[in-house]
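> need a structure here:
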Amino acid sequence: MEDARSQKAENTEIHRLEAGTLTLTTFDGPELALFRIAERINPKRAFLFVSTVLGRHIPVDPVRHRAALATLADGVSAHLLAGPVFVMGFAETAVGIGAGVFDCLRNTVGDRDIGYLTTTRFSPALTRDWFTITESHSHAVDHFILAPDPGVLHYGPDATLVLVDDETTTGRTFAQLVAGLQAQGVEFGRVILVTLTDWSDGQAAAAVEGIFEQADVRSVSLQCGTWVWTSEPGATLPGLPGGCAACCAPWQPKSEQAFAAPRTGLAGVDPRQSGKDILTDMTRSGFEAPEKADRILVVGAGEHVWQPMLVAEEFCARGHYTRFITTTRSPILTGETIRHKVTFPDHYGQGFKMYMHNVVPSDWDRIVLFTETGVDGVPPALVDWLGRVDVIDGAGAVTVLSGAGGEP
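Okay, the predicted model is just below:
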């Protein structure tokens, strides 16, 4: 998995976009068609690799999603040192796959100390920032890292740090996170960079090398390659979307709430949450069981992605046709890859725009939306577009909302 060039066939693709031409050289991994190309609404970078297994911009089969997580975790396992493991994921895109790699690892190396922590795009009230980093090319540059809960952080000379992102091109964001950890006085004997697609041509590992003085750096990905961007003369990149009126009061998280992104971490010693357990709790709270023939779309909200994915898995296990997707802050132009898009205010009352991509509500018999906020964090514009939707809020309460329904 590390030495993709020597083992796999090389392919070249040319994608002509409005703002320029993207030339990709890829080395085929165990599964092809891991991404598609779309155009970003962002003056910093005109294109976006849209994963077909992530569930962020394209509805994904939870079985295929889990298979990708397991393949990544298997690759990581081959490089682990003998000591503890600390896994981190990046908001918002890799919160779920980071949790998924952690979940797979705790099933295989659960006899050792292991924990998971994610960055977050905003720092909720009543929490303590540990440190911050920035992602210069992103639509939302700030990453906050909150102080981890007890039992989450494990480090030392025989410990392995596992950093998970959907893709990497330069490794600068990886390097910032590693430097931030090093500045807090923690150390690791090995760092493993984990991505669905690695476009860095070795730059990511080189960017991280040496930050922890004694640590060596490994890379694991499903597919790797390189890209060259050639701007179209005279092309003007679109500016980032502006803000919008908030649909609810700013969200105030509660430590006891049942559903939330793992911003202060997950510990390997904690009981493993399953989709079966979550669905049982939902039923107790009034969730009406779907009919066997119902086609079910499970939707996560922003950074709240892992628990909804577990529920989507459970629906699949019960024989339902199920797909999983999340709402996102990523502003993308419609086209061949993004066929449908709806825009609405964010779930957290922060006053920024969010989107749902490639969903046609009439394709689904049941739509189940998870929000870590209260039900007021589900924007009326989203409900009106989706039609009937079962909302599972941060406290685990079930509310059925109904809108007009319709396609974007």
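> biggest strand in this structure by residues?
Criterion DSSP state E: the longest strand present in the chain is strand 216-231.
> Please spell out which residues along that strand are buried.
By 16 or more other Cβ atoms under 10 Å, the buried positions in strand 216-231 come out as 217, 218, 219, 220, 221, 222, 223, 224, 225, 226, 227. Bear in mind the C-beta positions are built from the backbone N, C-alpha and C, glycine included.
> Quick check: closest non-adjacent residue to residue 285.
Closest residue to residue 285 apart from its sequence neighbours, by Cβ to Cβ, 6 or more residues apart in numbering: residue 398 at 4.6 Å.
> Next one: that neighbour from residue 364, what distance?
Distance from residue 398 to residue 364, counting by Cβ to Cβ, to the nearest Å: 18 Å.
> and the spatially closest residue to residue 108 that is not a sequence neighbour, how many neighbours?
Excluding the flanking residues, the one nearest residue 108 by Cβ to Cβ, 6+ apart is residue 77, at 5.8 Å. Residue 77 has 15 neighbours, counted by other Cβ atoms under 10 Å.
> Residue 77 contacts residue 105, correct?
Yes. Counting by Cβ atoms under 8 Å, residue 77 touches residue 105, with 6.9 Å between them.
> helix or strand right after the helix ranked longest in the chain?
Counting residues, the longest helix found in the chain (DSSP state H) is helix 62-77. Counting by DSSP states H and E, the element after helix 62-77 in chain order, helix or strand, is strand 85-89.
> now the protein, which segments are flagged as low pLDDT?
Applying pLDDT under 70 to the chain flags residues 1-9, 28-32, 124-127, 135-141, 405-408.
> how's it carved up into domains?
Per automatic domain parsing, the domain ranges recorded for the chain read 26-231, 273-402.
> got the residue ranges for the helices in the protein?
Taking DSSP H as the criterion, the chain contains helices spanning 4-7, 62-77, 95-108, 172-183, 203-208, 275-284, 306-317, 380-386.
> Dump those to a markdown table, plus distance to residue 162.
Below are the helices of the chain laid out as a markdown table (distance: least, Cβ to Cβ, whole Å):
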| stretch | distance to residue 162 |
| --- | --- |
| helix 4-7 | 19 |
| helix 62-77 | 6 |
| helix 95-108 | 7 |
| helix 172-183 | 11 |
| helix 203-208 | 12 |
| helix 275-284 | 23 |
| helix 306-317 | 16 |
| helix 380-386 | 34 |
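> of all these, which lies closest to residue 328?
Smallest distance to residue 328 across the helices of the chain (Cβ to Cβ): 11.2 Å, for helix 95-108.
> Next, the buried residues of that closest one.
Across helix 95-108, burial judged by 16+ other Cβ under 10 Å covers 95, 96, 97, 98, 99, 100, 101, 102, 103, 104, 105, 106.
> Include distance to residue 119 when you put the residues you listed into CSV, please.
Shown next, in CSV, are those (distance: Cβ to Cβ, whole Å):
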residue, distance to residue 119
95, 8
96, 13
97, 13
98, 9
99, 12
100, 16
101, 15
102, 14
103, 18
104, 20
105, 19
106, 20
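> Closest one to residue 47 out of those, please.
In terms of Cβ to Cβ, no member of these lies closer to residue 47 than residue 97, at 20.7 Å.
> got the contact list for the closest one?
Remark: with contacts taken as Cβ atoms under 8 Å, 6 or more residues apart in numbering, residue 97 is in contact with 54, 68, 69, 72, 89, 164, 166, 196.
> how about those residues, which pair is most distant?
Farthest pair in the contacts of residue 97 (Cβ to Cβ) is 68 and 89. Separation: 14.2 Å.
> Counting neighbours, go ahead and name the busier of those two.
Between residue 68 and residue 89, residue 89 has the larger neighbour count (other Cβ under 10 Å), namely 30 against 23.
> hang on, the more buried one packs against residue 120?
No. Assessed by Cβ under 8 Å, residue 89 is found out of contact with residue 120, at 10.3 Å.
> residues contacting the closest residue to residue 179 other than its chain neighbours?
Take residue 179 and drop its neighbours on the chain: the residue closest to it by Cβ to Cβ, 6+ apart is residue 211, 5.4 Å away. Listed by Cβ under 8 Å, 6+ apart, the contact set of residue 211 reads 175, 178, 179, 182.
> next one: residue 316
61, 62, 63, 322.
> Settle this for me: the second one is touching residue 322, isn't it.
Spelled out, that is residue 62. Yes. Applying Cβ under 8 Å as the test, residue 62 and residue 322 come out as touching, 6.2 Å apart.
> which one of the two has more residues nearby?
Comparing residue 62 with residue 322 by other Cβ under 10 Å, the one with more neighbours is residue 322, at 27 against 23.
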